[in-house]
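*Asks:* here is a sequence together with a model predicted from it:
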Amino acid sequence: DPSNVKDTEPSATFSPRIGFSFPVTDQTVFYAQYGKFVQQTRLRDIYLGTAITANNIKGGYAITNPVGFGLKPETTLQYDFGFRQQIGDFLAFDLGAFYKDIRDQIQQRQIPGAPDANHSAYYAWVNGDFATTSGISLKIDLRRVERVQASVDYTYSDARGTGSAPSD
C-alpha cells in the first residue's frame, strides 16, 4: 500500500582530508595523512520501485537483489604516518604505519514481518558490516649503483571485520 511508504531523511556528511610532510633534516622526512571518505550505497539497492519491492516482501524467500530501506552511506576513516630516511647517496628506507576503519557496509538480513502480515519475513539490505585494517610497512630502496638497482617492500597487516560479501 503506497500510503505505508514514508520518506527517508536526507543525510549530509563532512569528509575532511589532510596530509603533510615535514623535513626533519635534509635526509629525514616525517609524513602523516588523515582522511574521512563517504560513499553512498548503489542506487539500484535502494530504488527498485514499489512493484518489485512489494513482490520481494510478499515472497518471503531469499532473493538476490533485495531492497534497502533508509541505508546510510559507508564511512571510512583512514590514518597513515611514518618517516623516510636516506642513508648515504644510494640507500633509503621508509617506515610507516596505517589504520583504516570502514563502517556501515551493507549486508542482507532477514526482517520479520508484522504479526498481521501475510508473510512471515522478507529480505532487505541493512547497514551492519564493518572492517578494520591496521599494519606497518617497510620499504628499502637501493638506487642504481653500477647497473644494480633493488627495492624491497614488506607489509604486515591485520584485517578484521564481518561479511566478505553483502549477501553473506
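*Replies:* Yep, it's here.
*Asks:* wait, Y31 sits on R84?
*Replies:* Yes: in this structure, Y31 sits in contact with R84. The criterion is C-beta atoms under 8 Å, and the distance is 7.3 Å. (Glycine included, C-beta is placed from N, CA and C.)
*Asks:* compare the two (neighbour count), which wins?
*Replies:* In terms of neighbours (other C-beta atoms under 10 Å), R84 is the more surrounded of Y31 and R84; the figures are 19 against 16.
*Asks:* could you give the bridge partners of R17?
*Replies:* R17 has the following beta-bridge partners by DSSP bridges: G35.
*Asks:* got a pLDDT number for it?
*Replies:* In this prediction, R17 carries a pLDDT score of 96.
*Asks:* contacting residues for it?
*Replies:* Counting by C-beta atoms under 8 Å, 6 or more residues apart in numbering, R17 makes contact with 33-37.
*Asks:* can you check Q39 too?
*Replies:* Taking C-beta under 8 Å, 6+ apart as the test, what Q39 contacts is 73-74, 76.
*Asks:* for the worst-scoring helix or strand of the chain on mean pLDDT, enumerate the helices and strands it packs against.
*Replies:* Comparing helices and strands within the chain by mean pLDDT, DSSP states H and E singles out helix 50-59 as the least confident, with a mean of 73. Helix 50-59 sits against strand 67-68, strand 121-145, with contacts defined as 3 or more C-beta pairs under 8 Å, 6 or more residues apart in numbering; DSSP states H and E.
*Asks:* immediately after the shortest one, which helix or strand?
*Replies:* The C-terminal neighbour of strand 67-68 among helices and strands, as given by DSSP states H and E, is strand 74-87.
*Asks:* okay, the angle between that next one and strand 121-145?
*Replies:* Put simply, strand 74-87 runs at 10 degrees to strand 121-145, going by axes from the mean of the first three to the mean of the last three C-alpha atoms, to 10 degrees.
*Asks:* which stretches of the chain have low pLDDT?
*Replies:* The model of the chain has pLDDT under 70 over residues 1, 59-62, 64, 164-168.
*Asks:* if we go to 80?
*Replies:* Applying pLDDT under 80 to the chain flags the ranges 1-9, 44-65, 113-114, 117-120, 163-168.
*Asks:* brilliant, that's me finished.
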